[in-house]
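Novice: Generate coordinates for the sequence data below:
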Amino acid sequence: MKQKFDVRGMTCAACQSNVEKDVLKVSGVKEVSVSLLTNSMIVDFDEEQSNVDSIIKSVEKGGYHASIVGIKKSNDIDPQLLEYKTMKKRLIVSSIFFIPLLYLSMGTMIGLPLPFMFNGLSNSVTFAFTQFLLTLPIIFINFKFFSIGFLHLFKRTPNMDTLIALGSFAAIFYGVFAIYQMGIGLGTNNLGLVEEYHMNLYFESAGAILTLVTLGKFLEAKSKGKTSESLQKLIHLAPTMAQVKKGDAFEETKVDQIIIDDIILIKPGMKIPVDGIILEGNSTIDEAMITGESLPVEKKVGDLVLTATINKSGSFQFKATKVGEDTSLATIIRLVENASSSKAPIQKLADKISGVFVPIVIGISLITFLGWYLTGNSFSFALSMSITVLVISCPCALGLATPVAIMVGTGKGAEYGTLFKSAQSLETTHLIDTVVLDKTGTITKGIFEITDILPLNDYLEADLLKIAYSLEDGSEHPIGKSIVEYAKTHNISKQKANDFEALSGMGVKASIGNDVYFVGNMGLMTSLSISIEEVKDYEFNLAKLGKTSVYLVKNNTIIGLISLKDGVKEGSVEAIQIMKKMGLEVIMLTGDNQITANAIKEDLNISKVFAQVLPDQKEQVIIDLQSQGKKVAMIGDGINDAIALTRADIGIAIGAGSDIAIESADIVLIKNNLLDAVFALQLSKKTMNNIKMNLFWAFFYNIIGIPIAAGVFYTLAGLRLNPTFGSLAMSLSSVTVVLNALRLKWIKPNKMEEIL
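Specialist: Below you'll find the predicted structure:
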């Protein structure tokens with residue numbers, strides 16, 4: 001069983017790692033994925049060996065808080081907003097006391113006047129004790145750093161809070177020690193002792209560390225909130241009330257009280273509250289918020305309507321078919337949340353480093369202190385260097401480098417109807433070098449038009465249509481559905497067909513009266529050992545025009561031929577050309593014969609085509625390509641392509657409306673447009689470039705920052721950082737990473753050529 005949790009209290013990558021380690025110790029837990037960015041956790045566990053309570057307790061033992069979450073509603077409190085408000089309050093309180101603390105401690109250095117009670121060595125205790133009092137509220141409002149930090153220090157799993165707690169505690173402890181020393185100096189009239197400690201208190205360093213780290217966390221929370229804007233837009237799309245039929249009248253009802261089969265009235269301008277089927281009336285509906293399609297879609301009786309879409313014109317009634325967490329909108333939200341919370345493989349490197357980073361930093365800090373102190377420098381100087389190492393090295397930027405870009409990337413995809421099911425699929429997609437396209441319904445419309453009918457053996461066109469209609473009635477195959485629709489339009493009647501049998505990838509078989517009939521393709525003719533010599537040239541000429549022919553057989557004798565053509569969908573040609581510009585090999589799979597397939601190949605300028613491929617043979621094509629070392633993306637409709645979608649490195653379900661598509665594919669495209677697959681490929685590439693840039697700067701920052709903080713360049717160039725600037729640098733590094741990831745929000749599908 002997989003369960004999602006909200007986790008509060010995490011501040012860095014080390015926290016994330018600690019939560020994962022604690023939960024993995026729980027019996028029955030198979031896998032854990034914790035996201036610092038979304039403050040969430042997904043746990044896969046065996047219900048017979050473990051339960052939710054034991055998982056929550058394991059998190060709480062580490063000093064964090066966990067709770068179960070479901071699909072978010074529009075009135076739910078957003079954890080990102082809650083974090084932002086908390087940090088805002090802490091920053092305001094900290095600043096109120098830090099500003100006078102900074103003025104009091106540093107004012108005289110830049111010529112600012114101080115009240116007489118703080119001037120001179122005789123007032124040194126008053127001067128120092130006032131700074132201590134100003135520091136106390138800052139400690140109190142930010143006490144979480146200490147409670148969590150020291151807890152994990154004692155558990156030998158130190159995190160960012162540990163570094164902050166150690167650095168600020170050391171500064172405070174030294175300041176209190178200095179007050180006592182000055183008191184002793186004044187009591188014994190030892191003014192030299194008073195002067196030694198008078199300007200080396202470090203209360204302002206403690207206040208600066210806590211305040212500036214809180215500032216960084218505030219800016220980080222504000223920026224992180226922007227990363228989930230696309231998801232928040234989705235959450236707030238659904239209406240809260242609807243007109244539901246109760247008896248003979250419609251009553252205002254809360255959406256969460258709607259059940260399946262309820263009848264709902266929709267008037268112009270209203271939003272659709274749940275998924276359903278129109279029973280009465282017609283209209284045009286704006287589906288842009290779900291599919292990204294800019295033009296309203298005409299809807300009539302029998303058509304599907306989706307949650308949160310907007311009715312533009314007429315009124316209609318529809319029956320609810322999916323409600324609550326089963327609606328299309330809820331499914332999209334769940335997919336995006338899961339993708340945002342999951343981990344990309346590239347993040348494992350950052351996680352491994354974060355797991356050992358904090359202990360190493362503590363070791364470096366201790367070495368720095370001993371190194372400077374033992375080489376003849378003052379205790380306060382060595383302590384200052386040591387504290388700076390602690391606060392500049394917090395691995396916040398390292399922990400945010402990957403997840404923040406993943407969240408923006410998956411959110412941006414969702415905004416335009418491109419759903420990545422996991423962070424791994426978002427990462428893997430950029431490695432794709434070969435794209436395999438199913439023809440029918442992917443490249444083409446999947447709506448066939450009958451172009452030619454060839455009757456044989458004294459049969460008439462109407463006779464062939466009647467037989468084909470009788471056998472194909474109820475068929476889900478695009479060709480069968482097209483024949484049925486054509487027959488109905490031309491008022492062709494049907495006969496009762498018995499002993500119906502679907503022949504996978506070849507056609508159908510049924511009995512009418514005492515005769516056995518077949519409707520199928522060339523593969524069916526071969527399997528029945530029926531000669532096609534009589535119609536071979538005729539079918540060949542049609543195939544060169546890209547037409548697909550089906551044979552009608554009565555008692556093993558061909559009685560006619562029906563030819564159809566499937567139109568190319570808008571955007572397919574452009575999408576294929578962009579893929580080729582990206583350096584991808586484009587391959588088409590089709591059940592058509594080789595001649596028809598070649599005609600389509602030439603029309604679309606496709607690199608390679610596999611013809612006469614049965615549904616169960618598509619997987620083998622993918623396997624063969626992978627055996628050649630290719631990274632393969634399979635793009636199909638998600639139903640008859642399910643096995644191939646699963647086998648491919650990346651499965652992309654286009655025009656997804658089925659649960660099978662969502663289950664089988666790594667990427668789900670809501671619109672029935674191949675250009676969205678191109679956007680998925682390009683979005684992955686951009687996101688991965690962003691992640692690599694973030695990781696580079698996160699590593700570069702620490703590689704440069706730690707030596708400077710330790711004073712490596714002090715003896716060479718006099719370059720030294722005090723704790724205040726160290727904490728400011730650490731905070732800004734996290735904000736920089738988040739802001740860099742936010743650049744992904746500017747990517748748009750209509751600018752695809754610009755992001756190649």
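
Novice: mind checking how far residue 583 is from residue 607?
Specialist: Taking CB to CB, to the nearest Å as the measure, residue 583 falls 11 Å from residue 607. Any C-beta I mention is one placed from the backbone N, CA and C, and that applies to glycine too.

Novice: Please identify which of those two sits among more neighbours.
Specialist: The residue with more neighbours, out of residue 583 and residue 607, is residue 607; 15 against 8, by other CB atoms under 10 Å.

Novice: got the contact list for the more buried one?
Specialist: 580, 585-587 (CB atoms under 8 Å, 6 or more residues apart in numbering).

Novice: Buried ones among these?
Specialist: The neighbour count (16 or more other CB atoms under 10 Å) marks 585-587 as buried among the contacts of residue 607.

Novice: remind me which residues of the stretch 51-200 of the chain are low pLDDT?
Specialist: 70-80, 108-110 (pLDDT under 70).

Novice: can you rerun that using 80?
Specialist: Within the stretch 51-200 of the chain, the ranges that satisfy pLDDT under 80 run 69-83, 106-112, 157, 159-160, 163, 199-200.

Novice: Do a quick rundown of the helices in it.
Specialist: Remark: helices assigned in the stretch 51-200 of the chain by DSSP state H, counting those that start in this stretch are 52-61, 79-106, 124-141, 144-154, 160-187, 191-198.

Novice: Most tightly packed of those helices?
Specialist: Mean neighbours per residue, mean count of other CB atoms under 10 Å, is largest over the helices of the stretch 51-200 of the chain for helix 160-187, with a mean of 22.

Novice: pretty sure residue 279 contacts residue 299?
Specialist: No. Taking CB atoms under 8 Å as the definition, residue 279 is not a contact partner of residue 299, at 11.7 Å.

Novice: before we move on, the earlier item: can you pick out the ones from the contacts of residue 607 that are in strands?
Specialist: Among the contacts of residue 607, the members found in strands (DSSP state E) are 585-587.

Novice: what's the single longest helix in the chain?
Specialist: When the chain is parsed with DSSP state H, its longest helix is helix 675-710.

Novice: Sketch out the low-pLDDT regions of the stretch 601-750 of the chain for me.
Specialist: Within the stretch 601-750 of the chain, the segments meeting pLDDT under 80 span 614-616, 637-642, 655-664, 671-672, 698-699, 701-702, 715-718, 720-735, 738, 748-750.

Novice: for the stretch 201-350 of the chain, that is, sorry about that
Specialist: 202, 212-213, 216-217, 219-237, 288-295, 331-350.

Novice: Okay, helices next: where are they in it?
Specialist: Using DSSP H, counting those that start in this stretch, helices in the stretch 201-350 of the chain cover 203-227, 229-235, 288-291, 328-341, 347-374.

Novice: re earlier: tell me which of residue 279 and residue 299 has more neighbours.
Specialist: Counted by other CB under 10 Å, residue 279 and residue 299 do not tie: residue 299 has more neighbours, with 24 against 13.

Novice: so how far is residue 710 from the more buried one?
Specialist: Distance from residue 299 to residue 710, by CB to CB: 68 Å.

Novice: With residue 740 instead?
Specialist: Applying CB to CB, the value for residue 740 to residue 710 is 27 Å.

Novice: Then residue 629?
Specialist: Distance from residue 629 to residue 710, by CB to CB: 46 Å.

Novice: quick check: domain ranges of this protein?
Specialist: 2-68, 238-329, 418-432+570-680, 443-568 (automatic domain parsing).
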